[in-house]
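In: What shape does this take:
(chains A and B)
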Amino acid sequence: MYRQKYLFLLPGLLVLVAIILFPLLFTIRVSFSSWDVYNPGLNWVGGENYGRLWEDARYWEALLRLTGLTVGTVLLQYTLGFALALLVWREVVARRLFRVLFLIPMMTTPVVMSVLWRTIFHESLGPLNPILEGIGIGAVPWLSQSTWSFIAVMIVEIWQWTPFMFLLLLAGLLSLPNEPFLAAKIDGAGPIRTFLSVTFPMLGAISVGAILIRLIEASKIMETVYVLTSGGPGTSTETSSYYIYIRGMRDFQIGYSAALSLTYLIIMIVTLTIVAKLLVRALVRDQA
Amino acid sequence: MLTITDLSLTEAKVRHLSGLTASFQPGTLTTILGRTGAGKTSLMRAIAGLLTPDSGRIALAGSDWTRLPPWKRPVAMVTQQFINYPHLNVRDNVAFPLVRAGVAKPEAAAKADAALTRVGLATMMDRRPSELSGGQQQRVAIARALVKKAPVLLLDEPFVNLDYKLREAFREDLVELLATETGTTVLYASTEPREALQMGDQIILMAEGRIVQSGQPRSVFAAPASLTAAQVINDPPINPIPFRQANVADFGALGQHPFRLPPGAYTLGLRAADIHPGGPHQAEVTLTEVTGSETITHLRLSGQHLVMQEKSVVPRTPGDQLGVSLDLGAGLVFGADGARKEI
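Out: Numbering: from 1, shown residues only, chains lettered A, B, ... in the order given. All right, here's what the predicted structure looks like:
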């Protein structure tokens, strides 16, 4: 009778096994196989895929590129999101309207957003280059030159996800008590000092949460690269997710892409855990 | 000397201060007494720079502060709410104004430690404000205000949110602490006449955004200039009893009194302590408040609401009939314009 209580756990355990454990274990098994378009199936090849991965410079370059892209975009998203949140935090004209306007990019699906930006960046037909020429900067090879393509991907990512930072940080700002700001004024702190000594530290926990969520999401960047540049020109905007997609879905090297995915997963878990601890130590006082 | 001249302030279309003029000597404690909404907090906040006056001037030693931002004013302030920095520990809270003023961190920490020791929080320096009781949090705020050594210290009902016993103890501690702050102009806002009479070198009575009287606490209490001033400085509130003066003062059913006044309509301000139990007038008890060792009895007498104060605890029930006597000769007489008349 008493043992029957475990039956109630069964549905939850089954779901867990079905959606997490089975795919994970299956992927691990696949990563030790030579499954590809010519030899489908779980043929055991030991650590061959992992050995190949270790020497795959394109994979490590993609990972390095992803790191730069993630850190750069998230930092800029945080800075811009914070600035926008500060802008509409206090009494400003039409602040409700601005709050809604700032959220629109986030509400649009990444694919639609990327198609839109591809049109904007189009070097001969897009509206951006004529504007740049008009103000004397000149046309920019947005999608045909490596550095500019990388910048274009960054711009789209920042455009799309700054509202997320804005939303979280504005919610944080609105939840702050007013009294410490009064005290800071009396205690001789001007606006900049108040921001550095009161506003920013009081938003430490929310900042850590917002940055971590965005780091996790940004490290999976795929749609923007796929639609905007297809990883090009060459491999200059190829990220880890996109490279794994090419190996798995385009080249159909299932065993190898499983090894790539698992390695990528482990690197992300370790890196983000370390980053989380460092962020908490830096931004949240006495909790490190 | 801190001076305010013809200061007026409106906020959210509500007039909070109307033409205030006053001066405050260094090294003195001025109590600003008034009921809730009298404009005490607005005055404090205007001096601190947290509110901008519509007109008038605020100056310290001749230097105009009126348009100076709050962070540039040499002012320290303790408010009704226990205001501290929730993300800093107690020591860093108190050191905050010193660090902002450019004091080196080790020196600021040492001064903060000394200030916290003075307010009895030597063992709690590493705690966060949220880990302290309300009284302890307010002590942190007081230490932060004192450590700044500002020439102007504003205390806006600092103990109003503490319980009665704690308030009494804190008031004594504060008087001791302020005794060492020589040269500081201290403004203490209060709604309690007893507190104001105990603490201040000078008292300012406020009502509806105006200063109704100022001076030495004892002399203001003994001779309030108007009925409004008398109502502000008396606790329990003074009993206003209308009468007509002919040959004698005629109080109707309450009797007569031989005042020497020109004929006309007047109001007698009778303090609650000048109504005594036992006497010819039959009154009905409407409410009894026992506060410590005193009893405040609300009475209805000939259609008039009166408050009687006794220095003892007397159990009474609403509806009881009670004979009382009124010491009319001890009252203060006010004319139709509200100004006090000599009798």
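In: From now on I want contacts and neighbour counts done on CA atoms only, so please keep to that.
Out: Noted.
In: What segments of the stretch 151-288 of chain A are helices?
Out: Remark: helices assigned in the stretch 151-288 of chain A by DSSP state H, counting those that start in this stretch are A:179-186, A:191-194, A:200-202, A:204-218, A:223-228, A:240-245, A:254-283.
In: does residue B:276 count as helix, strand or coil?
Out: strand (DSSP: H, G, I helix; E, B strand; the rest coil).
In: List the residues that contact it.
Out: Going by CA atoms under 8 Å, 6 or more residues apart in numbering or on different chains, residue B:276 touches B:308, B:309, B:310, B:324, B:325, B:326, B:327.
In: and residue B:247, what is it in contact with?
Out: B:258, B:260, B:263.
In: Pick the one among those residues closest to residue B:27.
Out: residue B:260 (43.0 Å; CA to CA).
In: For the spatially closest residue to the closest one that is not a sequence neighbour, the count of nearby residues, please.
Out: Spatially, and ignoring its direct neighbours in sequence, residue B:260 is nearest to residue B:343 (6.1 Å; CA to CA, 6 or more residues apart in numbering or on different chains). Residues lying near residue B:343 (other CA atoms under 10 Å in any protein chain shown) number 11.
In: mind listing what residue B:343 touches?
Out: Taking CA under 8 Å, 6+ apart as the test, what residue B:343 contacts is B:259, B:260, B:261, B:333.
In: mind checking how far it is from residue B:331?
Out: According to CA to CA, to the nearest Å, residue B:343 stands 10 Å off from residue B:331.
In: re the thing from before, check the spacing between the residue nearest to residue B:260 and chain A real quick.
Out: The gap separating residue B:343 from chain A is 48 Å, by CA to the nearest CA, to the nearest Å.
In: With adjacent residues omitted, what lies nearest to the residue in the stretch 1-150 of chain B positioned nearest to chain A?
Out: Across the stretch 1-150 of chain B, no residue is closer to chain A than residue B:71, which sits at 3.9 Å (CA to the nearest CA). Leaving aside its chain neighbours, residue B:71 sits nearest to residue A:188 (3.9 Å; criterion: CA to CA, 6+ apart).
In: repeat for residue A:257
Out: Excluding its sequence neighbours, the residue lying closest to residue A:257 (CA to CA, 6+ apart) is residue A:248, at 5.1 Å.
In: ok, the one you found touching residue A:259?
Out: No - between residue A:248 and residue A:259 there is no contact under CA atoms under 8 Å: 10.4 Å.
In: what's the neighbour count on residue A:284?
Out: Around residue A:284 there are 19 residues (other CA under 10 Å).
In: Which residues are in contact with it?
Out: A:201, A:204, A:205, A:208.
In: What's the separation between the residue nearest to the first one when sequence neighbours are not counted and residue A:275?
Out: Spelled out, it's residue A:201. Nearest non-adjacent residue to residue A:201, counting by CA to CA, 6+ apart: residue A:283, 6.6 Å away. When distance is defined by CA to CA, residue A:283 is 12 Å away from residue A:275.
In: Please say which of the two ends up with more neighbours.
Out: Between residue A:283 and residue A:275, counting by other CA under 10 Å, residue A:283 is the more crowded of the two (19 against 16).
In: For chain B, see how far away the more buried one is.
Out: Residue A:283 sits 11 Å away from chain B, going by CA to the nearest CA.
In: next one: residue A:189
Out: According to CA to the nearest CA, residue A:189 and chain B sit 5 Å apart.
In: Around chain B, pick out the residues from the stretch 151-288 of chain A.
Out: Applying CA under 8 Å from any CA of the partner chain, we find that the stretch 151-288 of chain A lies next to chain B at A:179-180, A:182-190, A:198, A:201-202, A:285.
In: quick one: what helix or strand has residue A:37 in it?
Out: Using DSSP states H and E, residue A:37 sits within no helix or strand.
In: hmm, I was thinking of residue B:124
Out: With DSSP H and E as the test, residue B:124 turns up in no helix or strand.
In: just the helices in the stretch 1-150 of chain B please.
Out: Under DSSP H, counting those that start in this stretch, the stretch 1-150 of chain B gives helices at B:40-48, B:90-100, B:105-118, B:134-147.
In: So the nearest residue to residue A:166 once chain neighbours are set aside, which state does it fall into?
Out: Distance criterion CA to CA, 6+ apart; nearest residue to residue A:166, sequence neighbours excluded, is residue A:81 at 4.0 Å. For residue A:81, the assignment made with three-state DSSP gives helix.
In: How many residues are close by residue A:81?
Out: Residues lying near residue A:81 (other CA under 10 Å) number 25.
In: so who does it touch?
Out: A:162, A:163, A:164, A:165, A:166, A:167, A:169.
In: Do I have it right that the second one meets residue A:102?
Out: Right, residue A:163. Yes - using CA under 8 Å, residue A:163 is in contact with residue A:102, at 5.9 Å.
In: more crowded one of these two?
Out: For residue A:163 versus residue A:102, the count of surrounding residues by other CA under 10 Å is larger for residue A:163: 27 against 18.
In: what about the residue nearest to the more buried one when sequence neighbours are not counted, distance to chain B?
Out: The shortest distance from residue A:163 to any non-neighbouring residue, by CA to CA, 6+ apart, is to residue A:103 (5.1 Å). Computed as CA to the nearest CA, the residue A:103 to chain B distance reads 30 Å.
In: per-residue confidence at residue A:103?
Out: Looking at residue A:103, its pLDDT reads 85.
In: What degree of burial does it show, as a neighbour count?
Out: What residue A:103 shows, counting by other CA under 10 Å, is a neighbour count of 18.
In: What of residue B:222?
Out: Residue B:222 has 11 nearby residues by other CA under 10 Å.
In: Up against chain A, what does the stretch 51-200 of chain B have?
Out: Contact residues (CA under 8 Å from any CA) of the stretch 51-200 of chain B with chain A: B:70-73, B:75-77, B:83-87, B:96-97, B:100-101.
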